[in-house]
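# build me a model:
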Amino acid sequence: MTAVNSLGGGTAKTPWHVWLVGVVAVLFNAIGVFDFVMSMTQGEAYMASAGMTAEQIAHYRQMPAWMTGVWAIGVFGAFGASVLVLLRRKLAFPVFAVSLAAFLVSLLYTYALTDGGKVMGQQMAITSAVIAALLAFFTWYAWAMGKRGVLK
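From the prediction side, this is the model:
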């Protein structure tokens, strides 16, 4: 596959790293979609099987509907944006940006508006930091590839 050369005229091959980043992003973000779907369909049984304590499960069950919406936007947006990278679509950048914003809202809810940070513990804080870093990277990457003309 080719992309328009950013210097005007001609075409250049799609860089190998687009496929690598795209596949890693799809696989990583599929985990978020899986977790969301299982949490919504299997509820407490899934959460307990994932090793969550009764207090952690209660925290999720008390989450307001708007937060469930934010969570859905975050995970499905990130997955969709990952697919858009593989399709070499410039739309990947704004979709990743919305997903990142949704994740940041969820962090604000968890760590500032509720006692979720205390309830979820240090492991979740580390996991959240990794997710935020990866989402920020994927967002930047989609922006950079759009600027280079790789994503159209």
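# now do Glu44 against Val37, distance only.
15 Å (C-beta to C-beta, to the nearest Å). C-betas here are computed from N, CA, C, even on glycine.
# what of Ala132?
Counting by C-beta to C-beta, the separation of Ala132 from Val37 is 22 Å.
# likewise Phe76?
Phe76 sits 10 Å away from Val37, taking C-beta to C-beta as the criterion.
# more neighbours: these two, which one.
Neighbour tally, Phe76 and Val37, criterion other C-beta atoms under 10 Å: the higher count belongs to Phe76, 18 against 14.
# dump the helix or strand harbouring that one to PDB, restricted to CA.
Phe76 is located in helix 65-86, with elements delineated by DSSP states H and E. Below are the C-alpha coordinates for helix 65-86, written out as PDB (Å, rounded to 0.1, in the frame of the first residue of the first chain):
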ATOM      1  CA  ALA A  65     -25.000   5.800  34.200                       C
ATOM      2  CA  TRP A  66     -23.100   8.800  32.700                       C
ATOM      3  CA  MET A  67     -19.800   7.100  33.800                       C
ATOM      4  CA  THR A  68     -20.800   3.900  32.100                       C
ATOM      5  CA  GLY A  69     -21.300   6.000  29.000                       C
ATOM      6  CA  VAL A  70     -17.900   7.600  29.400                       C
ATOM      7  CA  TRP A  71     -16.300   4.100  29.800                       C
ATOM      8  CA  ALA A  72     -18.000   2.900  26.700                       C
ATOM      9  CA  ILE A  73     -16.900   5.900  24.700                       C
ATOM     10  CA  GLY A  74     -13.300   5.300  25.900                       C
ATOM     11  CA  VAL A  75     -13.000   1.700  25.100                       C
ATOM     12  CA  PHE A  76     -15.000   1.500  21.900                       C
ATOM     13  CA  GLY A  77     -13.500   4.700  20.700                       C
ATOM     14  CA  ALA A  78      -9.900   3.500  21.200                       C
ATOM     15  CA  PHE A  79     -10.700   0.200  19.500                       C
ATOM     16  CA  GLY A  80     -12.300   2.000  16.600                       C
ATOM     17  CA  ALA A  81      -9.400   4.400  16.300                       C
ATOM     18  CA  SER A  82      -7.000   1.500  16.200                       C
ATOM     19  CA  VAL A  83      -8.900  -0.100  13.300                       C
ATOM     20  CA  LEU A  84      -8.800   3.300  11.600                       C
ATOM     21  CA  VAL A  85      -5.000   3.300  11.900                       C
ATOM     22  CA  LEU A  86      -4.900   0.000  10.100                       C
END
